[in-house]
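J.: below are the sequence and a predicted model for it; my questions follow.
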Amino acid sequence: MKELTATGRTVDEAVQSGLEQLGLHADDVEVDVVDEGKKGLFGIFGHRSAVVNIREKIDPVKEAKQYLENVISNMGIQAQVTAEEESKRVVFQLKGDKTALLIGKRGQTLNALETLTQLVLNRHSDRYIQAVVDAEGYRAKRKETLAQLALKLADQVGRQKKDI
């Protein structure tokens, strides 16, 4: 995260100077005015420069993706992470070798990664965003398996007329 304190004759000049030094645009930063400055008498006596703090805004999706990549590499697994943003949800797709280790028993490791990624994602966001972490389409396969199991059990209940 880039941060800078800039000065100028006016607040606008100080902000523009800071943006040029950081190489960023106005909508990519947060500006805090420390001192608005003062023109002084005839622009000469008692003159005080304007001082602003300029801080780069953090992209929560980028931070969460970087965190997920870090955790996966620390697990000793080579995997590619892609992020797909929707309105109030971000889906992180994991592709690579040893994805079974990322999934874990019945998806427990994947659920833990999802929870941690969601915490990182919402720490830097001003609104709530749901994180979904999926490895090689596991979530869709698991949903289909559970739906088939439910239909099978419902059929069995219908035939045996017993609670299952």
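T.: Received, thanks.
J.: all strands for this structure, in order.
T.: In the chain, strands defined by DSSP state E lie at 3-8, 29-35, 50-56, 79-85, 89-96, 130-135, listed in chain order.
J.: tell me what the fourth one is packed against?
T.: Pointing back at strand 79-85 there. helix 60-74, strand 89-96 (3 or more CB pairs under 8 Å, 6 or more residues apart in numbering; DSSP states H and E). Every C-beta, even on glycine, is put in place using the N, C-alpha and C of the backbone.
J.: for Ala154, find the nearest of these.
T.: Distance to Ala154, taken as CB to CB, is lowest for strand 89-96 among the helices and strands packed on strand 79-85, at 30.2 Å.
J.: which other residues reach that closest one?
T.: Where contact means CB atoms under 8 Å, 6 or more residues apart in numbering, the residues beyond strand 89-96 that reach it are 61, 64-65, 68, 72, 77-84, 102, 117, 121, 129-136.
J.: what comes up buried for it?
T.: Residues of strand 89-96 classed as buried by neighbour count (16 or more other CB atoms under 10 Å): Val90, Phe92, Gln93, Leu94.
J.: for the first one, give the beta-bridge partners.
T.: When bridges are assigned using DSSP bridges, the partners listed for Val90 are Glu85, Ala131.
J.: neighbouring contacts of the biggest helix by length in the chain?
T.: Secondary structure of the chain per DSSP state H: the longest helix is helix 138-160. Counting by CB under 8 Å, 6+ apart, the neighbours of helix 138-160 from elsewhere in the structure are Thr99, Ile103, Gly107, Leu110, Val132, Asp134, Asp163, Ile164.
J.: out of those residues, which are buried?
T.: In the contacts of helix 138-160, burial by neighbour count holds for Thr99, Ile103, Gly107, Leu110, Val132, Asp134, counting by 16+ other CB under 10 Å.
J.: what's the helix or strand of the chain with the lowest mean pLDDT in contact with?
T.: Among the secondary structure pieces of the chain, namely its helices and strands, strand 29-35 has the lowest mean (mean pLDDT, DSSP states H and E), a mean of 80. Contacts of strand 29-35 with the rest of the structure, by CB under 8 Å, 6+ apart, involve 5, 11, 15, 18-19, 22, 48-57.
J.: likewise for stretch 63-78?
T.: By CB under 8 Å, 6+ apart, the list of residues contacting stretch 63-78 from outside reads 79, 81, 83, 90, 92, 94, 96-99, 101-102, 113, 116-118, 120-121, 123-124, 131, 133.
J.: quick check: the two most widely separated of the contacts of helix 138-160?
T.: For these, with distances taken as CB to CB, the pair at the greatest spread is Thr99 and Asp163 (37.7 Å).
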